[in-house]
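# Give me a 3D structure for the following:
(one chain, ligands or ions: 2)
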Amino acid sequence: MARIIGGIGSTHVPAIGGAIAKGLQQDPYWRPFFDGFHATHQWLASHKPDVVVVFYNDHGLNFFLDKMPTFAVGAAESYRHEDEGWGIGFPHPFAGDADLSWHIIENLVADEFDVTTCQEMLVDHAFTIPLSLLWPGDKAPPVKTVPIVVNTVQHPLPSPARCFKLGQSVGRAIESYKPDVNVLVIGTGGLSHQLDGKRAGFINKPFDLMCMEKLVSDPAALTRYSAMDLVEQAGSQGVELLNWIAMRGALTGKVSKIHSNYHIPISNTASAVLLMENESEAKQVPFKKAS
Ligand code: DHB
Ligand code: FE
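Ligands and ions are numbered 1, 2, ... in the order given. Next up is the predicted model:
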């Protein structure tokens, strides 16, 4: 059976792609940010996920404001990135896992999440940047992927409680998937930032740090906020925290923090990475010898 081995929350600021292309990882501005990913590289090398399920928001590449699903699941064998105007290129496609996608879709619909299914889907910086931070280099990451898009862009947004339940349903789906694969769940975006309007440049460090702590120890606490509370506390684009909440919902077992890094600012954003391990309940059942 499939196992959920952990969850990672990661920022997806497009400027990171420019810094990678220019090799600026050791530059004084970028170094404290890129150094925050070394621990995730070690963990990925020893835990070797086969598949990643990525909760993220599309920023107008695949879905535009005229047609905006609240939740959409990719069900393709391969996904491509296209130019969004940020000046970052991605030559390689990303491998899909259509079997796992359809298993997740069937379970979500049975759980009354009436998702949009996408047998063709372009993936934007919110999908590609975290994967290139986790698996640096020019090659495609050595994992299959299942992209799940959450609308954090056009109101009305889904509530934190709904996103948490979406993640829980995805977690149950993964754990009922027969193939013997290790699955890592990722949530991208945030943390606090606001790119436009009167509060452009808004960052809320105390709120971010509280969320990072609650994501590990008491994620249900975050489901008491409304989506508009998140706009107020984290900024109009900081609502990307919804993707992290969905990711955490999918961690069904005993969760422990392995690593985190919080760094202000990257571009206009409070950047963060959080790695949690998920020990499935099944593993915790002590082995009993036959008498
Ligand atoms: C920035 C942050 C984002 O989350 C995004 O999608 C685009 C830009 C930024 O801080 O520049
Ligand atoms: Fe974003």
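
# So which residues on the stretch 151-291 of the chain come close to ligand 1?
189, 193, 195, 237, 240, 267, 268, 269 (CB under 6 Å from any ligand atom). C-beta: built from backbone N, CA, C; applies to glycine.

# One more pass at 5 Å, please.
267, 268, 269 (CB under 5 Å from any ligand atom).

# now those in TSV, with pLDDT?
As requested, those are exported to TSV (pLDDT from 0 to 100):
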residue	pLDDT
267	96
268	95
269	98
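
# Can you tell me which of these has the most neighbours?
residue 269 (27 neighbours; other CB atoms under 10 Å).

# who's in contact with the residue nearest to that one when sequence neighbours are not counted?
Once flanking residues are discounted, residue 269 sits nearest to residue 193: 3.8 Å by CB to CB, 6 or more residues apart in numbering. If you count contacts by CB atoms under 8 Å, 6 or more residues apart in numbering, residue 193 has them with 202, 203, 234, 235, 237, 238, 268, 269, 270.

# go on, residue 99?
residue 179.

# so what's the backbone phi/psi at it?
Here is the backbone geometry of residue 99 (degrees, to the nearest 10): phi -60, psi -50.

# and the closest residue in space to residue 230 that isn't next to it in sequence, helix, strand or coil?
Leaving aside its chain neighbours, residue 230 sits nearest to residue 239 (4.7 Å; criterion: CB to CB, 6+ apart). Counting by DSSP: H, G, I helix; E, B strand; the rest coil, the backbone at residue 239 sits in helix.

# How about the contacts made by residue 239?
Residue 239 is in contact with 152, 157, 227, 230, 231, counting by CB under 8 Å, 6+ apart.

# I figured residue 220 hits residue 167, correct?
No. Between residue 220 and residue 167 there is no contact under CB atoms under 8 Å: 12.0 Å.

# For these two, indicate the residue with more neighbours.
residue 167 (29 against 12).

# Work out for me the element the more buried one sits within.
helix 160-175 (DSSP states H and E).

# Neighbouring strands - and their directions - for the helix or strand just after that helix?
Next helix or strand after helix 160-175 toward the C-terminus (DSSP H and E): strand 182-188. Using DSSP bridges, strand 182-188 pairs in its sheet with strand 3-10 (parallel), strand 51-56 (parallel).

# I'd like the average pLDDT over the shortest one.
Which is strand 51-56. Average pLDDT, strand 51-56: 99.

# and the stretch 1-150 of the chain, which of its residues are near ligand 1?
Counting by CB under 5 Å from any ligand atom, the stretch 1-150 of the chain comes close to ligand 1 at residue 13.

# Phi, psi for the residue of the stretch 151-291 of the chain found nearest ligand 1 please.
As assessed by CB to the nearest ligand atom, ligand 1 sits closest to residue 267 within the stretch 151-291 of the chain, at 3.3 Å. Backbone torsions of residue 267, given as degrees, to the nearest 10, read phi 50, psi -120.

# since we're on residue 32, how many residues are nearby?
Residue neighbour count, defined by other CB under 10 Å, stands at 13 for residue 32.

# Which of the three states applies to it?
Taking three-state DSSP as the rule, one finds residue 32 in the helix state.

# Please name the nearest non-neighbouring residue to it.
Residue 32's closest residue in space is residue 263 (CB to CB, 6+ apart), at 5.2 Å.

# What of residue 226?
residue 159 (6.1 Å).

# Do you know the pLDDT at that neighbour?
For residue 159, the model assigns a pLDDT of 98.

# I figured it hits residue 228, correct?
No. If you go by CB under 8 Å, residue 159 and residue 228 don't touch, sitting 9.4 Å apart.

# Among these two, which residue is more densely surrounded?
Neighbour count, other CB under 10 Å: between residue 159 and residue 228, residue 159 has more, with 19 against 13.

# Residue 135 touches residue 128, doesn't it?
No. Residue 135 lies out of contact with residue 128 (CB under 8 Å); the separation is 11.0 Å.

# Please identify which of those two sits among more neighbours.
Shown here are residue 135 and residue 128; by other CB under 10 Å, residue 128 has more neighbours (25 against 16).

# quick one: what helix or strand has that one in it?
Going by DSSP H and E, residue 128 is part of helix 125-134.
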